[in-house]
Every structure is written in structure tokens, then in C-alpha cells.
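>>> can't give you the sequence, but here's the structure:
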């Protein structure tokens with residue numbers, strides 16, 4: 001079995017899906033690092049598609065929004081990968097195209113469901129944290145300390161991207177997490 005994903009969704013299916021969507025070949029421009037022992041590779045196409053989603057007239061907003069997309073996808077995929085590792089499997093995350101995927105092997109239906117649910121759960125937790133930040137920014141005393149329009153945009157864009165990304169993941173259609 002292979003795991004493949006699109007737009008932050010993890011899918012465990014026979015090799016035919018892997019051949020259909022393809023796993024991105026490593027490039028010399030890939031960014032590689034690890035988080036809590038989980039290997040992560042970011043393909044350059046991820047940055048291009050994140051830039052497409054974040055595009056706007058002001059470059060400082062574009063770069064901040066690209067970071068917001070990166071954070072949303074990374075937290076989502078780390079949700080999958082941490083639960084995968086908790087079950088004793090060896091995960092790897094690849095960010096590519098409009099999202100990414102966390103690779104593993106398939107073992108049991110209930111564990112696969114837990115792994116699939118962990119991505120949106122982590123994303124909704126991040127959404128809740130940004131919601132708390134948005135409420136705090138609405139407070140007059142906090143607003144006086146943080147007057148940056150970029151900060152306001154980052155919080156509200158993160159609210160939007162985390163809500164939409166994770167709700168979309170719950171739709172019961174493959175290859176979305178809800179289709180598992």
C-alpha cells in the first residue's frame with residue numbers, strides 16, 4: 001500500500017493511486033528537516049502553489065500568507081504523522097502541490113481511521129488557537145499593543161484557511177480524510 005495525498009489529505013490505497021497521482025521525485029531544491037523525529041520534505045511546487053493561493057498586490061501579505069498556508073498544512077500533516085508514530089509506524093511528510101501527505105503502511109481499519117481523523121483534529125485545534133487570537137485582537141487593550149495590519153491579516157487568513165481546509169477534509173469522498 002502507498003499513501004498519497006492532495007491538498008493536505010492522506011490516502012492509503014494500492015499502488016494504482018500512487019501511479020495515478022504520482023509521488024513527487026526529490027529535487028535539489030527540496031527543503032528537508034525533521035520535527036519530533038518525523039522526516040519532512042517540502043517540494044518546490046508546494047511553495048509555488050501556496051504563492052498562487054496567497055497572491056495579492058502587496059508582497060509582505062503574500063509572504064505572510066504563504067507562511068500561514070505552510071503552518072496550516074504542516075500542522076494538519078503532523079497530526080496524521082504523530083498518531084501514525086504513536087501506533088508504531090514510521091511516518092514521513094511530503095508537502096507538495098496544494099498540500100501534502102503523510103506516508104505510512106496500512107494495518108487496520110480503526111487505526112487508519114484514527115490516523116485520518118488526526119489531521120483535521122490538529123487543524124481544528126490550530127483554528128481554535130487563531131480564534132482565541134482574533135478575539136484577543138478585538139479587545140481594545142490588546143488592539144492598542146498590536147496595530148499591525150499584517151498581523152490582523154495573518155490571523156484572519158489563518159482562520160479562513162484552517163476552517164476551510166479542515167472542513168473540506170471531512171467531506172466523505174476519496175481522497176479526502178473523510179473518505180476513509
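Noted; the coordinates are in hand. Values in this document were obtained by computation on a predicted structure and should not be read as measured data.

>>> Residue 32 and residue 38 touch, don't they?
No. Applying C-beta atoms under 8 Å as the test, residue 32 and residue 38 come out as separate, 11.8 Å apart. Heads up, the C-betas are built off the backbone N, CA and C, glycines and all.

>>> Please identify which of those two sits among more neighbours.
residue 38 (19 against 9; other C-beta atoms under 10 Å).

>>> Surely that one and residue 93 touch.
Yes. With contact defined as C-beta under 8 Å, residue 38 counts as touching residue 93 (6.2 Å).

>>> give me the number of residues near residue 133?
Count around residue 133 with other C-beta under 10 Å applied: 18.

>>> who touches it in this structure?
Contacts for residue 133 (C-beta atoms under 8 Å, 6 or more residues apart in numbering) come out as residue 155.

>>> what helix or strand is it on?
helix 109-138 (DSSP states H and E).

>>> Now that helix: buried residues?
111-112, 114-124, 126-127, 130-131, 133, 137 (16 or more other C-beta atoms under 10 Å).

>>> rewinding a little: list residues touching both of residue 38 and residue 93?
In contact with both residue 38 and residue 93: 78, 81, using C-beta under 8 Å, 6+ apart.

>>> Show me where this protein has its helices.
Assigned by DSSP state H, the chain shows helices spanning 15-21, 44-54, 59-86, 109-138, 140-145, 149-169.

>>> low-scoring stretches of the protein, by residue?
Across the chain, residues meeting the criterion (pLDDT under 70) sit at 1-22, 106, 140-147, 180.

>>> Pick out the residue nearest the middle of it.
Computing the C-alpha centroid of the chain and ranking residues by C-alpha atoms, centre = their mean puts residue 73 first, at 1.4 Å.

>>> That one contacts residue 96, correct?
No. Here residue 73 does not reach residue 96: they are 9.8 Å apart, not a contact under C-beta under 8 Å.
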